[in-house]
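> Predicted coordinates and the sequence they were generated for:
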Amino acid sequence: MNREDIHRELADILKDSKKIDYHDIVLILVNKEVLEKVLALELAVRADNLENGIEKKNHFYDYAKIINPEFPAFKYNLLMKHKKKEIFDPAKVLKALPAEFEIWKNKSRVILEKQIKEEDSSITDEHAKILRANLEKEIDEAKVKIDEVLANYHDYDVVISTFEDYTYYPALYFVVELPNGKFKPSDTHLRMGIPNILFFHDNRPFSELRANDRMSRIISDFHRVAGSVYLSKK
């Protein structure tokens with residue numbers, strides 16, 4: 001299976017499901033039938049990877065984030081949440097360091113290009129060349145330092161932390177009902193660039209729902225027009 005075919009098949013599976021755009025992420029509400037098709041595709045991707053000797057913690061990571069494959073959520077809320085990463089253990093830092101450099105390098109390039117290409121940007125072509133050259137110089141200098149650290153790791157104390165990058169990311173709060181009748185609230189950060197898939201089912205009487213829960217149902221079942229108007233034909 002190639003990547004294009006997987007993306008195409010997933011898009012076809014999700015085409016009729018409710019899509020919610022929120023701060024550059026996409027949340028998709030799916031029913032049990034659609035979820036089963038997504039999980040079947042995930043299983044096929046995993047089997048194909050293993051057959052080709054590809055070992056991954058999450059074989060579907062590049063295609064979608066499946067939030068709750070076991071039990072359906074009956075309520076949810078989107079919010080912005082602070083996310084930070086901190087790694088202090090020397091062995092874990094050593095293992096993560098090369099990937100951290102690659103993440104920083106690629107993210108820095110993407111951010112700069114976005115700034116340059118924004119419609120209201122005042123950056124001229126000549127200034128853009130200078131900014132790109134300065135960034136590449138910074139990347140080269142960082143690469144030399146990282147390689148030096150990796151070659152002489154016992155000479156350094158190294159910590160990986162995003163503490164100074166106080167960034168907010170789109171997140172999802174949701175509640176599922178377990179088979180024993182208990183409710184389990186959870187929250188998770190959402191990923192950009194791929195669909196975030198929420199297994200959603202709420203059969204409570206509409207009249208008994210609180211305002212926020214009503215909106216979850218309305219977003220799922222109604223059609224949105226003119227920005228703030230939601231319609232459902234009786």
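Right, received. Where do you want to start?
> only C-alpha atoms for contact and neighbour calcs from this point on.
OK.
> Look up how far Glu136 lies from Asn106.
According to CA to CA, to the nearest Å, Asn106 stands 11 Å off from Glu136.
> higher neighbour count, the two?
Applying other CA atoms under 10 Å to Asn106 and Glu136 shows that Glu136 carries more neighbours, namely 15 against 11.
> all helices of this structure, in order?
3-14, 32-51, 90-117, 125-151, 211-221 (DSSP state H).
> I'd like those as a markdown table, with distance to Asp21 appended.
Shown next, in a markdown table, are the helices of the chain (distance: least, CA to CA, whole Å):
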| stretch | distance to Asp21 |
| --- | --- |
| helix 3-14 | 14 |
| helix 32-51 | 19 |
| helix 90-117 | 20 |
| helix 125-151 | 31 |
| helix 211-221 | 11 |
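> Would you reformat those helices as CSV and include mean pLDDT and distance to Lys81?
Listed next are those as CSV, based on pLDDT from 0 to 100; distance: least, CA to CA, whole Å:
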stretch, mean pLDDT, distance to Lys81
helix 3-14, 94, 26
helix 32-51, 93, 26
helix 90-117, 93, 20
helix 125-151, 95, 29
helix 211-221, 76, 19
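> how about those, which one is nearest Arg191?
Shortest separation from Arg191 across the helices of the chain is recorded for helix 90-117, at 14.5 Å, computed as CA to CA.
> which strands and helices sit next to the closest one?
Here helix 90-117 is seen to pack against helix 125-151 when contacts are counted using 3 or more CA pairs under 8 Å, 6 or more residues apart in numbering; DSSP states H and E.
> just the angle between the helix it packs on and helix 90-117, please?
Between the axis of helix 125-151 and that of helix 90-117 there is an angle of 180 degrees, by axes from the mean of the first three to the mean of the last three CA atoms, to 10 degrees.
> for helix 125-151, which positions count as buried?
Using 16 or more other CA atoms under 10 Å as the burial criterion, the residues of helix 125-151 that qualify are Ala128, Leu131, Leu135, Ile139, Lys143, Ile146, Val149.
> ditto for stretch 86-99
Applying a neighbour-count criterion of 16+ other CA under 10 Å, the buried positions in stretch 86-99 are Pro90, Val93, Leu94, Leu97.
> where's the second one relative to Lys84, distance?
Distance, Val93 to Lys84, by CA to CA: 15 Å.
> Ok, the third one next?
Leu94 sits 19 Å away from Lys84 when distances are taken as CA to CA.
> just the last one next, same as before
Applying CA to CA, the value for Leu97 to Lys84 is 16 Å.
> can you list the domains in this structure?
If the domains of the chain are taken from automatic domain parsing, they occupy 3-82+167-231, 86-161, with pieces of a single domain joined by a plus sign.
> still on that earlier bit, got CSV for the buried residues of helix 125-151, with distance to Phe222 too?
Formatted as CSV, the buried residues of helix 125-151 follow (distance: CA to CA, whole Å):
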residue, distance to Phe222
Ala128, 45
Leu131, 47
Leu135, 47
Ile139, 48
Lys143, 51
Ile146, 52
Val149, 56
